[in-house]
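Asks: Would you be able to build a 3D model of this:
(2 chains)
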There are 2 protein chains.
Amino acid sequence: MGNKIYSETKYLKIKEPTKLKSGKILKSIDIAYETYGKLNENKDNAILVLHALTGSAHAAYYHKDTQKPGWWDDMIGSNKAFDTDKFFVISSNILGGCYGTTGPASINPDTDKPYALDFPVITIEDMVNVQKKLVDYLGIKKIIVAGGSLGGMQALEWSIRFPKNVKSTILIATSARLNAQGIAFNAVARNAILTDINFNNGNYYDKKHPESGLAIARMIGHITYLCEEAMYKKFGREFKEKPSFDFGIDFQVESYLEHQGRVFVDRFDANSYLYITKALDYYDPIKEYGSLENALKDSASRFLIISFSTDWLFTTAQSKQIASALIQLNKDVSFVELESKCGHDAFLLEFEKQTKIIKSFLRG
Amino acid sequence: MGNKIYSETKYLKIKEPTKLKSGKILKSIDIAYETYGKLNENKDNAILVLHALTGSAHAAYYHKDTQKPGWWDDMIGSNKAFDTDKFFVISSNILGGCYGTTGPASINPDTDKPYALDFPVITIEDMVNVQKKLVDYLGIKKIIVAGGSLGGMQALEWSIRFPKNVKSTILIATSARLNAQGIAFNAVARNAILTDINFNNGNYYDKKHPESGLAIARMIGHITYLCEEAMYKKFGREFKEKPSFDFGIDFQVESYLEHQGRVFVDRFDANSYLYITKALDYYDPIKEYGSLENALKDSASRFLIISFSTDWLFTTAQSKQIASALIQLNKDVSFVELESKCGHDAFLLEFEKQTKIIKSFLRG
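Replies: Here you go, the predicted structure:
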């Protein structure tokens, strides 16, 4: 325990109503957030890191209560990619999530019961608007934003939505919009949750949760986060023991997916999975603004874009699409495709390669 | 109706017991089959076409009862790839299937009830052994075998198991074994069926079937049969109407998958889906024989191997693996990768390209 640094999740209550992209209104919003490092006097050393589909505000250090390290602990800390000796790093749980920020499991002030499906459908634009309220509260005018996957989409949206507030944008394993295959996987995942007998139109909080459906959703996710190379390297076609000649777990890859599904249902809310995947599907600044060039034209940010060679969910071609738009606009943009055998998961695994590039970018 | 040729499904009862790879025994087996064209006097013009995961014996012509064309009707017929003016084409439903050949929905003679999960786990080797009984019954000693996907695995197994009986082998969009990702997708599909509240340990034949689980399995399948290029071409990111801001169907690709899932549950048995995907997972002659070279060393067959450029379920690399083994063995082998935007589905869609190559191969 000696050298462990602990973090604490804090909460900010937004008391005024927030209008969402759908036109609906949330009367109040809680934001769960953590910070690492110190904000300097000029308040110009802040980095907002943005989490992916199932992340939380707990991005770094060890959590006081759970004793668990943050999801990007290898990237955030003293002398790490996001160096807390220099930077003030902020991480918050997204709107619609289930780790402290208001979401479908939160109490609806109108009914004193969990929102469930009365929670309004939220978008990445809404998530970013809520994050802006936190950043404003902290008194920060100029900020660096960074994230992978869904987190990268939020970072992109920050630079579109608040073009003068973002100094630097780091987009990792992300895209300006999900491709049709990504929408398809999300649709099947949601279908598994929605058709689970325990789903009960989202009103399951005092009953058995739709665990089977959520586990299937997670298994589908994990297949897309890995790639065949990574799966082959990890599991090959190895049997767990020997052929069972029944419908139990036969192969190591089955065992891995079954485990991932099982542990996930203990830590994540099925309704949040519905809302967040829908936000992923909807995000499309190309359609929204007519073109990426138009969306990004006012941005004063520098950009670092990182993709991974075996990522087939958020492909290098999709990263290049963003880079191309920025080059067209004569923006300051660096693009790197990193060789990796880890598929989409690489942004959570390939620390050394990312650290080198991010450090250099943040120095520059 | 004028020029439609009709087919009729016939049945062969195998009355003696059949020992399976698992060691279990099936006391009797019904085989559903169709034939097209005429067997010549020498009985040496027969082609056995082998169907994929959800196929049936009805491969060509219009079915008398359903009025529907066969699943490979564009490939089988007068002057088509498998030319019924020259060849006698045989197609049978696989063991474990649900279109007339004995499977989990069939009556267990020991209980007079459907087998359900008392049906023994079957393998591709078992399917092929049963097909051999049909071919023997028809008095055919030398045969041509052809199939795509799971059908290709059966064709490969024919040339391994009956090396002197197979004259020519046509392997399309197939592999000597499923890769880890393929096993993973099957595992999730089976999980969806097994955890459906209506599954009832497979005993659902007189009740509501596990339709939600089977629909999810089918949706997952369809994502793997297409490819991102095909999905983008077919659906892009187009909304069905406009954003719903709820969890109904939003995107055209969702609508497509939902439809595919819905129609599938009316035509396929969930237990068969379990058994056949398990057979797919288990098949591995490389492990069984130590190497493909060893598995194929006695084969007297010529080989034609066709892969499709965008097929990511059964990749070109996997086809090349078979071709390489055959080249090592100095066998007569032709390998072609066809350019296609249809993904794995190409073997059911790209008729013109396949026809040209198959005709030329069958002439040679």
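
Asks: In contact with the residue with the largest distance to the centre of chain A, which residues are there?
Replies: Using C-alpha atoms, centre = their mean, the residue of chain A lying farthest from its centre is residue A:245. It sits 39.6 Å away. Under the criterion of C-beta atoms under 8 Å, 6 or more residues apart in numbering or on different chains, the contact list for residue A:245 reads B:22, B:24, B:120, B:121. Any C-beta I mention is one placed from the backbone N, CA and C, and that applies to glycine too.

Asks: Return the members of those residues classed as buried.
Replies: Buried members of the contacts of residue A:245, counted by 16 or more other C-beta atoms under 10 Å in any protein chain shown: B:22, B:120, B:121.

Asks: The last one reaches residue B:23, doesn't it?
Replies: No: between residue B:121 and residue B:23 there is no contact under C-beta atoms under 8 Å: 10.6 Å.

Asks: Mind listing residues that contact stretch A:196-213?
Replies: Applying C-beta under 8 Å, 6+ apart, the set of residues contacting stretch A:196-213 from outside is A:104-105, A:114, A:116-117, A:192-195, A:214, A:265, A:269-271, A:274, B:191, B:195-197, B:212.

Asks: mind running it again at 6 Å?
Replies: For stretch A:196-213, contacts defined as C-beta atoms under 6 Å, 6 or more residues apart in numbering or on different chains pick out A:114, A:116, A:117, A:192, A:193, A:265, A:270, A:271, B:195, B:197.

Asks: tell me how far the ends of that stretch are from each other?
Replies: Start and end residues of stretch A:196-213 are separated by 5 Å (C-alpha to C-alpha, to the nearest Å).

Asks: how distant is it from the center of its chain?
Replies: Distance of stretch A:196-213 from the chain centroid (C-alpha atoms, centre = their mean, to the nearest Å) equals 24 Å.

Asks: residues of that stretch that come out buried?
Replies: Buried residues in stretch A:196-213, defined by neighbour count with 16+ other C-beta under 10 Å: A:196, A:198, A:199, A:202, A:204, A:209, A:210, A:211, A:212, A:213.

Asks: In these, find the pair that's most separated.
Replies: In the buried residues of stretch A:196-213, two members sit farther apart than any others by C-beta to C-beta. They are A:202 and A:212, at 15.6 Å.

Asks: which parts of the stretch 201-350 of chain A sit against chain B?
Replies: Within the stretch 201-350 of chain A, the residues that sit near chain B (C-beta under 6 Å from any C-beta of the partner chain) are A:212, A:216, A:219-220, A:223, A:228, A:231-232, A:235, A:245, A:247, A:251, A:253-254, A:257, A:274.

Asks: What's the local residue count around residue A:217?
Replies: Neighbour count for residue A:217, taken as other C-beta atoms under 10 Å in any protein chain shown: 30.

Asks: Next to chain B, which bits of the stretch 1-150 of chain A? Give me the list.
Replies: The stretch 1-150 of chain A comes close to chain B at residues A:22, A:121, as judged by C-beta under 6 Å from any C-beta.

Asks: Mind pulling up the pLDDT for residue A:113?
Replies: Residue A:113 is assigned 97 on the pLDDT scale.

Asks: beta partners for it?
Replies: Residue A:113 has these beta-bridge partners by DSSP bridges: residue A:108.

Asks: Residue A:274 versus that one, what's the distance?
Replies: Per C-beta to C-beta, to the nearest Å, residue A:113 is found 18 Å from residue A:274.

Asks: Residue A:73 reaches residue A:60, doesn't it?
Replies: Yes: using C-beta atoms under 6 Å, residue A:73 is in contact with residue A:60, at 4.9 Å.

Asks: Looking at those two, which is more packed in?
Replies: Shown here are residue A:73 and residue A:60; by other C-beta under 10 Å, residue A:60 has more neighbours (26 against 19).

Asks: who's in contact with that one?
Replies: Taking C-beta under 6 Å, 6+ apart, we find residue A:60 in contact with A:36, A:70, A:73, A:76, A:77.

Asks: Quick check: phi and psi at the first one.
Replies: Here is the backbone geometry of residue A:36 (degrees, to the nearest 10): phi -140, psi 140.

Asks: Tell me what it is bridged to.
Replies: Under the criterion used (DSSP bridges), residue A:36 bridges to residue A:89.

Asks: do the same with the last one
Replies: For residue A:77, the beta-bridge partners under DSSP bridges are residue A:83.

Asks: what about it, how many neighbours?
Replies: Using other C-beta under 10 Å, residue A:77 is surrounded by 21 other residues.

Asks: Give me the three-state assignment for the residue farthest from the centre of chain A.
Replies: For residue A:245, the assignment made with DSSP: H, G, I helix; E, B strand; the rest coil gives coil.

Asks: Without its sequence neighbours, what residue ends up closest to residue A:148?
Replies: The shortest distance from residue A:148 to any non-neighbouring residue, by C-beta to C-beta, 6 or more residues apart in numbering or on different chains, is to residue A:347 (3.5 Å).

Asks: Then residue A:349?
Replies: Residue A:349's closest residue in space is residue A:342 (C-beta to C-beta, 6+ apart), at 4.9 Å.

Asks: Would you confirm that that neighbour contacts residue A:231?
Replies: No: between residue A:342 and residue A:231 there is no contact under C-beta under 6 Å: 10.6 Å.

Asks: would you list every one of the helices in the stretch 251-364 of chain A?
Replies: Per DSSP state H, counting those that start in this stretch, the stretch 251-364 of chain A carries helices over the ranges A:252-264, A:270-282, A:285-289, A:292-296, A:316-328, A:351-363.

Asks: State the mean pLDDT of the third one.
Replies: Going back to what we said before, that points to helix A:285-289. Mean predicted confidence for helix A:285-289 is 98.
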